[in-house]
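S.K.: give me a model of this one.
(chains A and B)
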Amino acid sequence: EAGVAQSPRYKIIEKRQSVAFWCNPISGHATLYWYQQILGQGPKLLIQFQNNGVVDDSQLPKDRFSAERLKGVDSTLKIQPAKLEDSAVYLCASSPSDSTDTQYFGPGTRLTVL
Amino acid sequence: AQSVAQPEDQVNVAEGNPLTVKCTYSVSGNPYLFWYVQYPNRGLQFLLKYITGDNLVKGSYGFEAEFNKSQTSFHLKKPSALVSDSALYFCAVSTPEGFQKLVFGTGTRLLVSP
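M.R.: Presented below is the predicted three-dimensional model:
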């Protein structure tokens, strides 16, 4: 079974530029998550989708971050414009659907904002 | 609000010795508890979880964890450490009412010396 796929793996941009990350969850998984992991910290949930609907986006900085999950499969996370403090690893995870289900993580995208 | 504490930034242990990585949690209601491991430039890999039932949970790679409700702890253990166990370990908690939202601790780096 293929795992969660993410691209790109690394991205370096200047502040005020825009960037987008892509995630393909495990086949059949209804729930998709985007996490932000700043160096030295644990992952922090940015947004959670159930199929193509948003369940939780309370910690998403909506003035600059946006995410979508068209057709309930792939997802993209966008930052526009980027700030220095957005430098982090962006992790995508997926799970079947039940609250007891395990979340499976992709390899992440390391973003550096200069 | 849910929270997780990992009181040790780093744990050092010699190969062949038992290891313990500590985790305490705070939730309203019943917790769902998880341990993940992160190797350099990799995403998080699931080790084990406690949902209900037996307080001693066995997981991947010989790891186990014990749920202690009175002490609100979920410490990760392994009887005999390997050098290859050296990595960053994260404890996380969710609740039945939390729509699978995982809250992570800050992580503990495990260093196993030969």
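S.K.: going forward, measure contacts between C-alpha atoms and count neighbours the same way
M.R.: OK.
S.K.: in chain A, which residue is most central in space?
M.R.: A:W34 (2.9 Å; Cα atoms, centre = their mean).
S.K.: surely A:E85 is within a helix?
M.R.: Yes. The assignment for A:E85 is a helix, going by DSSP: H, G, I helix; E, B strand; the rest coil.
S.K.: where do the strands sit along chain A?
M.R.: Using DSSP state E, the strands assigned to chain A run over residues A:5-7, A:10-13, A:19-24, A:31-37, A:44-50, A:53-56, A:65-68, A:75-79, A:88-95, A:104-105, A:109-113.
S.K.: can I get those in a markdown table including mean pLDDT?
M.R.: Output for those, formatted as a markdown table (pLDDT from 0 to 100):
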| stretch | mean pLDDT |
| --- | --- |
| strand A:5-7 | 96 |
| strand A:10-13 | 97 |
| strand A:19-24 | 97 |
| strand A:31-37 | 95 |
| strand A:44-50 | 94 |
| strand A:53-56 | 91 |
| strand A:65-68 | 96 |
| strand A:75-79 | 97 |
| strand A:88-95 | 96 |
| strand A:104-105 | 94 |
| strand A:109-113 | 97 |
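S.K.: ok, now which ones touch whatever residue of chain B ends up closest to chain A?
M.R.: Using Cα to the nearest Cα, the closest approach of chain B to chain A is made by B:G43 at 4.0 Å. Taking Cα atoms under 8 Å, 6 or more residues apart in numbering or on different chains, we find B:G43 in contact with A:L91, A:F105, A:G106, A:P107, A:G108.
S.K.: from those residues, which is closest to B:G59?
M.R.: A:F105 (17.1 Å; Cα to Cα).
S.K.: need the residues of chain A near chain B, please.
M.R.: Taking Cα under 8 Å from any Cα of the partner chain as the measure of proximity, chain A contacts chain B at A:40-45, A:55, A:91, A:98-108.
S.K.: quick one: pLDDT of B:T95?
M.R.: Per-residue pLDDT puts B:T95 at 81.
S.K.: neighbours around it, how many?
M.R.: 21 (other Cα atoms under 10 Å in any protein chain shown).
S.K.: the spatially closest residue to it that is not a sequence neighbour: neighbouring residues, count only.
M.R.: Counting by Cα to Cα, 6 or more residues apart in numbering or on different chains, B:P31 is the residue found nearest to B:T95 once chain neighbours are left out, at 5.0 Å. When neighbours are defined as other Cα under 10 Å, B:P31 has 23 of them.
S.K.: and residue 9, backbone torsions?
M.R.: Using chain A here. phi -80, psi -30 (degrees, to the nearest 10).
S.K.: wrong one, chain B
M.R.: With angles defined as degrees, to the nearest 10, B:D9 sits at phi -70, psi -30.
S.K.: show me what contacts the residue of chain A found nearest chain B?
M.R.: Using Cα to the nearest Cα, the single residue of chain A nearest to chain B is A:P107, 4.0 Å away. A:P107 makes contacts with A:V4, A:A5, A:Q6, A:R9, A:L91, B:N41, B:R42, B:G43, B:L44, as judged by Cα under 8 Å, 6+ apart.
S.K.: with that, I have no additional questions.
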